[in-house]
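[1] Quick check, what structure comes out for this input:
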Amino acid sequence: MTRTRRAVLAGSAAVATGALLGTSEAQARPRPEAKPEPKPTVVLVHGAFADASGWNDVGARLIREHHPVIAPANPLRGVAADSAYLASLLATISGPIVLAAHSYGGMVITNAATGNPKVKALVYVAAFAPDEGESLLELQTKYPGSRLDEAALDFRPYGDGLVDGYIKKEAFHDVFAKDVPRATTDLMQAGQRPADTRALGEPSGAPAWRTIPSYFLIARNDQVLPVAAQRFMARRAGSRVHEVGASHVAMISQPSVTADLIRRAAR
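    Now for the predicted structure:
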């Protein structure tokens, strides 16, 4: 064998050995695991005559499962003003968002989420899901059954001709939260946040549920927003529906069911 041929063969063997070693090292080296998709931020929006503490039991369940959660203070000053406030908060959140709302809060998320591509789902919990031009009072009285009328409210003026509405102490438990212990509802009533009465007749804007998937927890024993109205709004929005035997405050009396629906929306 010539010296040149021996050199070529030796060089080829070295290349082959190096390739095999490189392959073995690559196989032995663990591949980096793909990072899981970040969970959506869940924004919990309370309604009138309430505050964010009504979401405490639901929020605690979601936080234990490492969902980012924000439960802002809804100003309760009017549909347009409250929706603009929530929209400005949503603009500060990076990544996907799931909005969950109770009662009047549904009016707010329906408007605040419109045109926001980060909002992946809307969850209505015994909540108003208005179409464009509809008001809270119109939807509340569309079907019989609501016991939250003028006789159940106290009206207190403030500012220049403005009026706030509060639920009377004697009506709060039976009308608003009959399946919650009285010791709890007494505190809820004492600390309730009033709604500006102008919100009752203020028309809603273009609804976000036309373009964003929605979920609806219907409270069958609701004395504030009749169950027939909830079913009507859920059907119109094409929502995925779950019904529960609960009062108007389903997220307080049925926190596990409520949290489960929000989890489904967040998948």
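
[2] Taking the centroid of the protein, which residue is nearest it?
    residue 100 (1.4 Å; C-alpha atoms, centre = their mean).

[3] pull the CA atoms of the strand or helix carrying it into PDB?
    Using DSSP states H and E, residue 100 sits within strand 97-102. Taking C-alpha atoms only, strand 97-102 is exported to PDB below (Å, rounded to 0.1, in the frame of the first residue of the first chain):
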ATOM      1  CA  ILE A  97     -56.700  37.100  29.600                       C
ATOM      2  CA  VAL A  98     -59.900  35.400  30.900                       C
ATOM      3  CA  LEU A  99     -62.500  37.800  32.200                       C
ATOM      4  CA  ALA A 100     -65.000  36.500  34.800                       C
ATOM      5  CA  ALA A 101     -67.800  38.700  36.000                       C
ATOM      6  CA  HIS A 102     -70.700  38.700  38.400                       C
END
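
[4] From the contact counts, what lies against whichever helix or strand comes after it?
    Downstream of strand 97-102, the next assigned helix or strand under DSSP H and E is helix 105-112. Contacts defined by 3 or more C-beta pairs under 8 Å, 6 or more residues apart in numbering; DSSP states H and E place helix 105-112 against strand 41-45, helix 79-90, strand 97-102, strand 119-125. C-beta: built from backbone N, CA, C; applies to glycine.

[5] Pull up the pairing partners for the third one, direction included.
    Looking at strand 97-102 with DSSP bridges, its paired strands and their directions are strand 41-45 (parallel), strand 119-125 (parallel).

[6] Take those and write them to TSV, including distance to residue 64.
    Conversion of these to TSV gives the following (distance: least, C-beta to C-beta, whole Å):
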stretch	distance to residue 64
strand 41-45	13
strand 119-125	18
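
[7] Report how many residues lie close to residue 212.
    Look at residue 212: counted by other C-beta atoms under 10 Å, it has 20 neighbours.

[8] Could you verify that it is part of a helix?
    No. Residue 212: not assigned to a helix; according to DSSP: H, G, I helix; E, B strand; the rest coil it is coil.

[9] Make sure it is actually in contact with residue 117.
    No. Using C-beta atoms under 8 Å, residue 212 is not in contact with residue 117, being 9.5 Å away.

[10] coming back round to it: now the strand holding residue 100: buried residues?
    97-102 (16 or more other C-beta atoms under 10 Å).

[11] ditto for stretch 85-92
    Neighbour-count burial for stretch 85-92 [16+ other C-beta under 10 Å]: 85-87, 90.

[12] and these as a markdown table, adding distance to residue 191 and pLDDT?
    Output for the buried residues of stretch 85-92, formatted as a markdown table (distance: C-beta to C-beta, whole Å; pLDDT from 0 to 100):
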| residue | distance to residue 191 | pLDDT |
| --- | --- | --- |
| 85 | 21 | 98 |
| 86 | 22 | 98 |
| 87 | 27 | 98 |
| 90 | 26 | 98 |
